[in-house]
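Participant: below: sequence and its predicted model.
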Amino acid sequence: MELLLKVEGMQTYIGQYHILQDISFEVKKGEVTVLLGRNGAGKTTTLRSIIGLNPPAKGKVIFKNEPIHALPTYKIAKRGIGFVPEDQGIFNELTVEENLKVAMQKQDEKTLKRLDWVLNLFPDLKKFWKKQGGLLSGGQKQMLSIARAYVNENDLLLIDEPSKGLAPIVVEKVMESIQRMKEETTIVLVEQNFLMASAIGDRFYIIDDGRTAAAGAMEELVTNDQLKKKYLGIA
Ligand SMILES: Nc1ncnc2c1ncn2[C@@H]1O[C@H](COP(=O)(O)OP(=O)(O)O)[C@@H](O)[C@H]1O
Ligand SMILES: [Mg+2]
């Protein structure tokens, strides 16, 4: 399968802190690559480094065969990478409609058609079209946040812990939506919810203390209790 993203020996500082010490992984086109690891391991920083919000000090990020690690965030986004941040990043004062329209990089017919299609994936957003972002439920906010990235025709989506703080039944809904998105796009998913990660992921990388510590096919991890216990704290 075609290689879409390659991260090689990425190191990132936040202030004086050497947060990412050695992050390397590959993302194949059409797959869901899951980044796992304990709280504070460096998963969020990894995504933020790729998109240029915490630019790496060392290492390479190669996207569609071109280096992007020295580009500013807006240029990286333009190359076709969408980012769904951990804190969702929606506008509370804007309606669902406005949140989606300001996220659209183009307002052409093709993108408007895509918006229609995205709304079919997230029927709640259609239902609450004129409601303010801040008044949505946690699950709806998460859906809106994902839809904002997905409405643009990206080649890659980086999604940071979409299940965070959501009730199990809502997690299931978010999971179903991502599963349907998977048919059409490539995803790097940070996810602490192992059930969700294993249901959606094709490949996994474990991040531990700022380093990629283990990798493999998702089905290998599901049966590897030792690895799960060592790095994820689950038996
Ligand atoms: N703005 C910041 N200033 C200082 N340290 C930070 C900052 N952001 C993250 N860190 C530290 O970097 C490490 C990795 O954080 P993060 O990437 O958010 O981990 P994860 O997403 O895996 O929980 C943690 O030890 C965290 O405390
Ligand atoms: Mg995080």
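Facilitator: Nice, thanks for sending it over. Ligands and ions are numbered 1, 2, ... in the order given.
Participant: what's near enough to touch the residue sitting nearest the centre point of the chain?
Facilitator: Among the residues of the chain, I159 comes closest to the average C-alpha position under CA atoms, centre = their mean, at 1.4 Å. With contact set as CB atoms under 8 Å, 6 or more residues apart in numbering, I159 has these partners: 84, 146, 149, 178, 187-190. Any C-beta I mention is one placed from the backbone N, CA and C, and that applies to glycine too.
Participant: in the chain, which residue sits nearest ligand 2?
Facilitator: T44 (3.2 Å; CB to the ion).
Participant: check that residue and give its pLDDT.
Facilitator: Residue-level confidence at T44 comes out at 97, pLDDT.
Participant: wait, it sits on V190?
Facilitator: Yes. Using CB atoms under 8 Å, T44 is in contact with V190, at 6.8 Å.
Participant: and for these two, which residues touch both?
Facilitator: Jointly contacting T44 and V190 under the rule CB under 8 Å, 6+ apart are 86, 160-161.
Participant: any idea how many residues pack against the spatially closest residue to K126 that is not a sequence neighbour?
Facilitator: Once flanking residues are discounted, K126 sits nearest to L119: 4.7 Å by CB to CB, 6 or more residues apart in numbering. Under the neighbour criterion other CB atoms under 10 Å, L119 is assigned a count of 18.
Participant: is L119 in a helix, a strand, or coil?
Facilitator: Here L119 is helix, with the state taken from DSSP: H, G, I helix; E, B strand; the rest coil.
Participant: list the contacts for it?
Facilitator: So L119 contacts 125-126, 147 (CB under 8 Å, 6+ apart).
Participant: just D108 next, same as before
Facilitator: D108 touches nothing, counting by CB under 8 Å, 6+ apart.
Participant: swap in E93?
Facilitator: 132-134.
Participant: let's go with 10 Å and repeat that
Facilitator: For E93, the contact set (CB atoms under 10 Å, 6 or more residues apart in numbering) comprises 99, 132-134.
Participant: rewinding a little: more neighbours: T44 and V190, which one.
Facilitator: When T44 and V190 are compared for neighbours, V190 comes out ahead with 23 against 20, by other CB under 10 Å.
Participant: can you name the residues bridging to the more buried one?
Facilitator: Beta bridges link V190 to L35, D160 when assigned by DSSP bridges.
Participant: surely it touches D160?
Facilitator: Yes. Using CB atoms under 10 Å, V190 is in contact with D160, at 4.8 Å.
Participant: any common contacting residues for the two?
Facilitator: 35, 43-44, 46-47, 84, 86.
Participant: how about those in TSV, adding secondary structure and distance to Q140?
Facilitator: TSV is the format used below for the shared contacts of V190 and D160 (DSSP: H, G, I helix; E, B strand; the rest coil; distance: CB to CB, whole Å):
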residue	secondary structure	distance to Q140
L35	strand	25
K43	helix	24
T44	helix	22
T46	helix	27
L47	helix	23
V84	strand	14
E86	coil	17
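Participant: quick one: which of those is most hemmed in?
Facilitator: Neighbour-wise, the shared contacts of V190 and D160 (other CB under 10 Å) top out at T46, 28 neighbours.
Participant: hmm, that one is touching L189, no?
Facilitator: No. With contact defined as CB under 10 Å, T46 and L189 do not form a contacting pair (11.9 Å).
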